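1. Give me the fold of what follows.
(chains A and B)
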Amino acid sequence: GENVEQHPSTLSVQEGDSAVIKCTYSDSASNYFPWYKQELGKRPQLIIDIRSNVGEKKDQRIAVTLNKTAKHFSLHITETQPEDSAVYFCAASTGAGGTSYGKLTFGQGTILTVHP
Amino acid sequence: NAGVTQTPKFQVLKTGQSMTLQCAQDMNHNSMYWYRQDPGMGLRLIYYSASEGTTDKGEVPNGYNVSRLNKREFSLRLESAAPSQTSVYFCASSEVQGVQPQHFGDGTRLSIL
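-> Next comes the predicted model:
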């Protein structure tokens, strides 16, 4: 099955800096890569996702890049703010026929702390 | 729209007791999922239901059973709770199985003594 590795496990930045979180996946058939943000004691919430037919997607201060050849994808947050502090999870799944069809495999999570 | 609703929010059980976690969604989604979240291990899929009438095992199904009662509801049952099942349980749903975003409920914090 799919295996997703996420790094770093913790990330501390100053307000206004950029933050980058990286994930690698094992199943070359994976074609959907969402990112979730989870605040303490809350539910995971989708912040951005990317499908395999594009290499980059942006939404205001957040961007995700995908390198299918190298089987890795990254989350970029620019101009970080204290409210960006949370745990971020990457995930991967495949479409029909893939070993992880319809099943999200999550990374271990990154604790992001943004210091004012 | 409530989205995905889970009950109860908190529960304490004794080893060997049984209980059912309830999940309902009002988004007319076809697919529903149960995850457990443990510190440092992200979210792991327990069971999922691609559509009404079907259920399949995920990564960690041992000790659990599920029922897709109808399109809206998907329950998770612990027949004989064990301390290793102490965790936070999340239910999620998506429009279809596969490459669609999953929407999560608020979670159930379960402690087994």
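2. and the closest residue to residue A:34 other than its chain neighbours, how many neighbours does it have?
-> Among residues not flanking residue A:34 along the chain, residue A:49 sits closest, at 3.9 Å (Cβ to Cβ, 6 or more residues apart in numbering or on different chains). (Each C-beta comes from the backbone N, C-alpha and C, glycine too.) By other Cβ atoms under 10 Å in any protein chain shown, 18 other residues sit near residue A:49.
3. Pull the contacting residues for residue A:49.
-> By Cβ atoms under 8 Å, 6 or more residues apart in numbering or on different chains, the residues touching residue A:49 are A:32-35, A:57, A:64, B:101.
4. Per-residue pLDDT of the most centrally placed residue in chain B, please?
-> In chain B, the residue lying closest to the centroid (Cα atoms, centre = their mean) is residue B:34, at 2.9 Å. Predicted confidence (pLDDT) for residue B:34: 96.
5. how close does it get to chain A?
-> 12 Å (Cβ to the nearest Cβ, to the nearest Å).
6. In ChimeraX, select just the buried ones from the contacts of residue A:49.
-> To isolate the buried ones among these in ChimeraX, judged by 16 or more other Cβ atoms under 10 Å in any protein chain shown, type:
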select /A:32,33,34,35,64 /B:101
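7. What segments of the chain are strands?
-> All of this is about chain A. For chain A, applying DSSP state E gives strands covering A:4-7, A:10-14, A:19-25, A:30-38, A:45-51, A:56-59, A:62-67, A:72-77, A:86-94, A:105-106, A:110-115.
8. try chain B instead
-> For chain B, the strands defined by DSSP E cover B:4-7, B:10-13, B:19-25, B:31-37, B:43-49, B:56-57, B:64-68, B:74-78, B:87-94, B:103-104, B:108-112.
9. Which secondary structure elements does the fourth one sit against?
-> Contacts defined by 3 or more Cβ pairs under 8 Å, 6 or more residues apart in numbering or on different chains; DSSP states H and E place strand B:31-37 against strand B:19-25, strand B:43-49, strand B:64-68, strand B:74-78, strand B:87-94.
10. That strand: partners in the sheet, and parallel or antiparallel?
-> Looking at strand B:31-37 with DSSP bridges, its partner strands are strand B:43-49 (antiparallel), strand B:87-94 (antiparallel).
11. now the last one, how far from the centre of its chain.
-> For strand B:87-94, the separation from the chain centroid amounts to 5 Å (computed by Cα atoms, centre = their mean, to the nearest Å).
12. do the shortest one as well
-> Its chain's average C-alpha position is 7 Å from that of strand B:43-49, according to Cα atoms, centre = their mean.
13. by how many degrees do it and strand B:64-68 diverge?
-> Orientation of strand B:43-49 against strand B:64-68 (axes from the mean of the first three to the mean of the last three Cα atoms, to 10 degrees) gives an angle of 50 degrees.
14. So residue B:46 sits against residue B:74, correct?
-> No - assessed by Cβ atoms under 8 Å, residue B:46 is found out of contact with residue B:74, at 11.0 Å.
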